[in-house]
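J.: Sequence and predicted structure, then a few things I'm wondering about:
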Amino acid sequence: MYLGMAAKPDLMPGTLDLLILKTLTRSPMHGYGIALSIKRLSDDVLTVEEGSLYPALQRLLLKGWVGAEWKLTETNRRARYYTLTAAGRKQLGIELSEYEQLITAIGRVLQSA
Amino acid sequence: MESVAALVRKLQMLFHRQRFNRELEEELAFHREQIEQELRDDGITMEDARYAASRRLGNDTRLKEEAHDAIGFRLESVAHDVRYAFRQLRKNAGFATTVVVILALGIGAITAIFSAVNPILFKPLPYPQASRVVMIWERQSDGSRQFDCFGTFHGVQKRTRSFDALAAMKAWQPTLVGKTQPERFEGQRVSTDYFRALGVEPVLGRNFEAADDQHKGPNVVILSDGVWRRRFGSNPSIVGQQVTLDGDPFTVIGIMPAGFENVLAPAAELWASLQYDPSLPPLSREWGHHLRIVGRLRPGVSRQQANSELDVILRTLGQMYAKGYNESGGVPAGMLVNSLQSDVTRDVRPALLTVLGAVGLVLLIACVNVTNLLLARGVQRSGEFAMRATLGASRKRLTRQLLTESLLLAMIGGALGMFVAELGVRALIALSAPGLPRVNAVGVDVAVFAFALGVTALVGVVVGLIPALQTNRGDLNLALHNSARVATSHQTMRRALVVAEVALALVLLVSAGLLLRSLQRLFAVDPGFDGSHLLTMQVQESGHYYDSDSNRLQFFKNALQAVRAVPGVVAADFTSQLPLSGDYDVYGVQFEGDNIAEEGGNRYAVSPGYIETMRIPLRRGRLLNDRDTTGAPTAVLISESFAKRKYGTQDPIGRRVRMGPDVGQPDKPWATIVGVVGDVKQQSLAVAIEDAFYVPTTQWPWADEALSLVIRTRGDAAALAPAVRNAVWSVDKDQPIVRVATMESLLTVSEAQRRFTLIVLGAFALVGLVLAATGIFGVLSGGVSERTREIGIRSALGASRRDILTMVLHQGMKLAAFGVIIGLVGAALASKILVTLLYGVSRMDPVTYLGVIGLLLAVAAVACWLPASRAARVDPAITLRAE
């Protein structure tokens, strides 16, 4: 494999988008902030690879679910801040309910076994 | 589903690519700084933090590429790949040119050949439900087929229930006498349902009706679209009017459509009714075997069913008309129902299949070569790919890159191949033997082209991917440092390629070699006469003035005098049939003591000087002279082999025979054999029917209406043609003169089909040999070059130059020998198809086989020896250091 660049199968497919959208509901954030936030909120269980994060952000930008603008950070560095758009908020609702359905279904299977 | 808005955003990003890249880089740099900061906060030194940060962030290039993938269009990266591929190919112009040329030749050749063969052999004929159209022949007891007689046709037509339509036909060559030169047309005499059997109708006027085909019925004619345009200016009111053919008025009743393709007589332009006598009098033309029958099977009736029905009918007819049949050679053993398609293509099938097989071999060799080239290049580039992978190119991207390169090669090769195909088809038509059916239907076949392109492209793609797969599978580190290991994995593939290449080339070369030797033998065959400086043409008589035999003979006599007076003419004479011209005129001969005609021979009714003019040698007795004429006892010459077979060592001079219509007629006088002359090839150089007899035209029971003029000239025979023609026309300007040719061209034409096959096959064999030789060389020398290191080690360890050469040669020749063995099996099988095209050469001819094997082994030896000696000459120290 490529010099340790293996994609980590930690996250179920599609969940990264969900996590990013959810993270952005609190406030606009830059990429690093999003990664950090996910890491902290999950008690270091979920590590978002940068290799997945930025392509995912580009995808979300394209779909119009997030917006981006360059702003200064508290330490006066330029950074690209991502915001959740109205369409993104709607998408988050859809994805959340889909996710819950999925989790419930998985739960049922696991309990019956 | 992408919304319009997303598409717009995508386009924006595409157009502001640079900004996108800049922003992405800045964003990533920020990210990296943040990680560094985080790590430093944890107490790690600046240096370590930076290192750890970039490790965590990972491969920059790859990250960017993936971000690009997320936003970019496929097309964008495709365009990029194509640009890169072009650069790569330009950098390796030699490699690219070689591959493109090989592909173009391979694709072009198979497209051209298949384009020619497909409409002739495989495509349905241009008639509705063409598979129902069949030809019907009489079958002889040895299984061979013969022309039908009208008695058979008439009887079958009345009784059969297997056919929707059934028609008999024969050739017809009417002359249209006009104000200018007389024009002779090719035409057909056909029975009522001819066009119905084919499933075509006149566009103008009407089809033949039963009332037209009556014995001594009305003279009606249907015109082809071509004649209608050329002679009658496409005037539709010609239908119903009269034209004069052979001095008789014919009413035009219909015009055939422009697209009508008459495969049974491609040159025919006029059709008239057959008008034979249904009362079938014995000893009449109604019992002569000279008709062909075409039929349209009733739906649901198979050829076998029809065939067995016809066999039963024939048995009935044989009993009813025993006398009629017996006078023309007896009742046939049965009937033969053959599909029209296979009937029409019967003569050319072996030649075309041979050529098709040859071109298939060439394409295979081309594929093997391309495979080898791509493989060798893959080895060279394994380092490059390892490098790109290390720098972060994804496997998908590398694969796509290689695909693009291969496809680009295939496309350029294909485009050139189309060009080659177009040229090839034109050359084929120009070269084709006369009488090749359906030539006008031949054109570049796009479907075949696509197929050939597809096959080669597929090979290219699959092989082209090998380096990518190897790169991805293997250990990059190893690939970077030591391409030798990657190379060894190709050795098996290379060995297979050498074996395949040698085997394919052997099959191709043996086939071409066998044909070449056949042709050599054929042209060495003595035709039995001197063909040099000999002009020939056929003079026909047309018009009612020549209904009388004496007028006919007088005209030919006068014409001969006029021709002999032409300056440059050494000698001139007439004959009823001309050797190697396609004439075939055999009559029964009854030797004194036999009750019937046990023998038949080619009949030549000649003017007395014919034998001398042709320079046929006299073996015994005397030649014909002017005293052998009307009123005198009939004098006859027989051919050498005829005499030998009949009389053995006895002297045939003075023996008596009855010929043709006099056979078995006790009231007719005997003719006397006055001389024996050398054998002459009549049909073709390859066919050995040499029984023949020569009689003066004036002593044959009737006067032929068409005679061939043979003129021995002083200088160039062809140059004298106009003067000779004018001399004949000075006697009667309305007599058509056709088939003007020098004997030398007839000799060539009679072997045209073999020659055509040989030229095409020879061309392919040459291409195949060049491809195979370069291929074998490429594969073997490539293999040796890759082993330079190994050879270096060996010589460092004390192997002499000689040892190394022996080793390399031994290994290479072992592969070549293996290829030869496989190739021999292939060639032995392939030569089965060739058998009908061979003459005087066994299909296992040892000279050909040994020669080809020697040639290929020599090529292989040179291909091993050159690189091996180069490798052995190099100082081992340098070789080893070079790695």
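T.: Perfect, I can see it now.

J.: ok, B:D530 - contacts?
T.: Residues near B:D530 by C-beta atoms under 8 Å, 6 or more residues apart in numbering or on different chains: B:614-615. To be clear about C-beta, it is placed using only N, CA and C from the backbone, and glycine gets the same treatment.

J.: Am I right that it sits in a strand?
T.: No: counting by DSSP: H, G, I helix; E, B strand; the rest coil, B:D530 is located in no strand; its state is coil.

J.: what does the model give it for pLDDT?
T.: Note on B:D530: pLDDT of 91.

J.: and what of B:G378?
T.: Reported pLDDT for B:G378: 72.

J.: center of chain B - which residue?
T.: B:L352 (3.6 Å; C-alpha atoms, centre = their mean).

J.: repeat for chain A
T.: A:I20 (2.2 Å).

J.: List the contacts of that residue.
T.: A:34, A:38, A:53, A:56-57, A:60, A:66, A:82.

J.: Show me what the longest helix along chain A is packed up against.
T.: Taking DSSP state H as the criterion, chain A has its longest helix at helix A:86-112. Secondary-structure packing of helix A:86-112 (3 or more C-beta pairs under 8 Å, 6 or more residues apart in numbering or on different chains; DSSP states H and E): helix A:15-24, helix A:50-63.

J.: give me the number of residues near the residue lying closest to B:D193 once chain neighbours are set aside?
T.: Of all residues not flanking B:D193 in the chain, B:A165 sits nearest, at 4.1 Å (C-beta to C-beta, 6 or more residues apart in numbering or on different chains). When counting by other C-beta atoms under 10 Å in any protein chain shown, one arrives at 21 neighbours for B:A165.

J.: gap between the residue nearest to the centre of chain A and chain B?
T.: Using C-beta to the nearest C-beta, to the nearest Å, we find A:I20 at a distance of 13 Å from chain B.

J.: Same question for A:A105.
T.: 25 Å.

J.: Return the residues of chain A in contact with chain B.
T.: A:2-5, A:30-32, A:35-36, A:49-51, A:54-56, A:58-59, A:61-64, A:70, A:77-80 (C-beta under 8 Å from any C-beta of the partner chain).

J.: Kindly give a single ChimeraX line that selects the buried subset of those.
T.: Filtering those down to the buried ones (16 or more other C-beta atoms under 10 Å in any protein chain shown) takes a single ChimeraX command:
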select /A:2,30,31,32,35,36,49,50,51,54,55,56,58,59,61,62,63,64,79,80
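
J.: count of neighbours near residue 103?
T.: Using chain A. Neighbours of A:I103 (other C-beta under 10 Å): 11.

J.: Not quite, go with chain B.
T.: Residues within reach of B:L103, counting by other C-beta under 10 Å, total 31.

J.: What sits closest to it if chain neighbours are left out?
T.: B:G413 (2.7 Å).

J.: per-residue pLDDT, that neighbour?
T.: 85.

J.: Name the nearest residue to A:T15, sequence neighbours excluded.
T.: Going by C-beta to C-beta, 6+ apart, A:T15 has A:Y99 as its nearest residue, at 7.3 Å.

J.: thinking that neighbour is in contact with A:L18, fair?
T.: Yes: with contact defined as C-beta atoms under 8 Å, A:Y99 counts as touching A:L18 (6.1 Å).

J.: Between the two, point out the one with more neighbours.
T.: Ranked by neighbour count (other C-beta under 10 Å), A:Y99 and A:L18 place A:L18 first, with 18 against 15.

J.: Please tell me I have it right and the more buried one contacts A:I94.
T.: No: A:L18 is beyond contact range of A:I94, at 9.9 Å (criterion: C-beta under 8 Å).

J.: got the contact list for B:V82?
T.: Applying C-beta under 8 Å, 6+ apart to B:V82 gives the contacts B:404, B:408.

J.: is it true that it lies in a strand?
T.: No: B:V82 is assigned helix when assessed by three-state DSSP, not a strand.
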